[in-house]
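> Okay, sequence plus prediction incoming.
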Amino acid sequence: MRRARKIVTVATLLGGLVAVQASAQAQQGATGAGSVGAADITVEGMTAHSDPIAPCAVDTTPSNRTDPITVGTKTKYGLGETTCTRNADGTASVKVTGQRFETSVLEQFGGPVIKARTFGAGCNTTANGSNGSMELGTVTGITVPQSIPPNHVVTIPGATPDAPPMAEVVLNELVVPTPADGSLTTNALHIKLFPQGGPASGDILVGSASCSPYGR
């Protein structure tokens, strides 16, 4: 199985448009939040759920951490930390780090065990936009490209040629609102279970950071 360590930086968003990073100015309305991950899984009628793990938020929960946690019986997160900071100039910064993520939820259907030895996500606000970054280290169970572009999708096919895909795995997921307002969310890894229907459903997020220059 392909193993890789990748660090990918997402371009700055300026009012929703790709732009060169601007100089930050005082903006007390800037906000940011982060979490080690979250999961909402249903397998053949049985559910497993976790709210955002070790969440942080600028001005309210500056930092947080988690010991190893298991969601249901097949999805695990190792040690993780989050930091949400109000900078001296009023901008916001979020940093998320974690290790030893593993999910074997697809194994019972003939799919792979997906692991990431380390992972991270981060973002910063600028004077009128945001930028984000992510990191995945030693990924197994899926093949990753040499350079991971934003919103890169790896499809895990069904057990037979005519079966729907077991999962879509989004690497370096970049989520922006419509219409764009300069805010963004970066997820290091987003696993969508049986997106076209099947014996399981739900989402697993690994490393999440959100920033907005003007608040929400």
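Noted; the coordinates are in hand.
> what's the neighbour count on the nearest residue to residue 142 once chain neighbours are set aside?
Counting by CB to CB, 6 or more residues apart in numbering, residue 154 is the residue found nearest to residue 142 once chain neighbours are left out, at 4.8 Å. (C-beta placed from N, C-alpha, C; glycine too.) The local packing of residue 154 (other CB atoms under 10 Å) involves 18 other residues.
> what lines up beside the strand or helix carrying residue 154 in the sheet?
Using DSSP states H and E, residue 154 sits within strand 152-156. Within its sheet, strand 152-156 is paired with strand 167-175 (antiparallel), according to DSSP bridges.
> How far does the strand it pairs with sit from its chain's centre?
How far strand 167-175 lies from its chain's middle: 8 Å, per CA atoms, centre = their mean, to the nearest Å.
> So for it, mean pLDDT?
Strand 167-175 comes out with an average pLDDT of 97.
> now stretch 119-134
Across stretch 119-134, pLDDT averages out at 94.
> Likewise for stretch 92-107?
Mean predicted lDDT for stretch 92-107 stands at 98.
> got it, and stretch 44-52?
95.
> Can you tell me which residue is spatially central in the protein?
For the chain, residue 187 is the residue whose C-alpha lies nearest the centre (CA atoms, centre = their mean; 2.0 Å).
> That residue and residue 62: what is the separation?
Look at residue 187 and residue 62: by CB to CB, to the nearest Å, they are 22 Å apart.
> Then residue 208?
From residue 208 to residue 62 the distance is 17 Å (CB to CB).
> Pick out whichever of these two has more residues nearby.
It is residue 208, of residue 208 and residue 62, that has more neighbours when counted by other CB under 10 Å, with 28 against 13.
> Next, the contact list for the more buried one, please.
Neighbouring residues of residue 208 by CB atoms under 8 Å, 6 or more residues apart in numbering: 34, 35, 36, 37, 38, 52, 96, 121, 185, 186, 187, 188.
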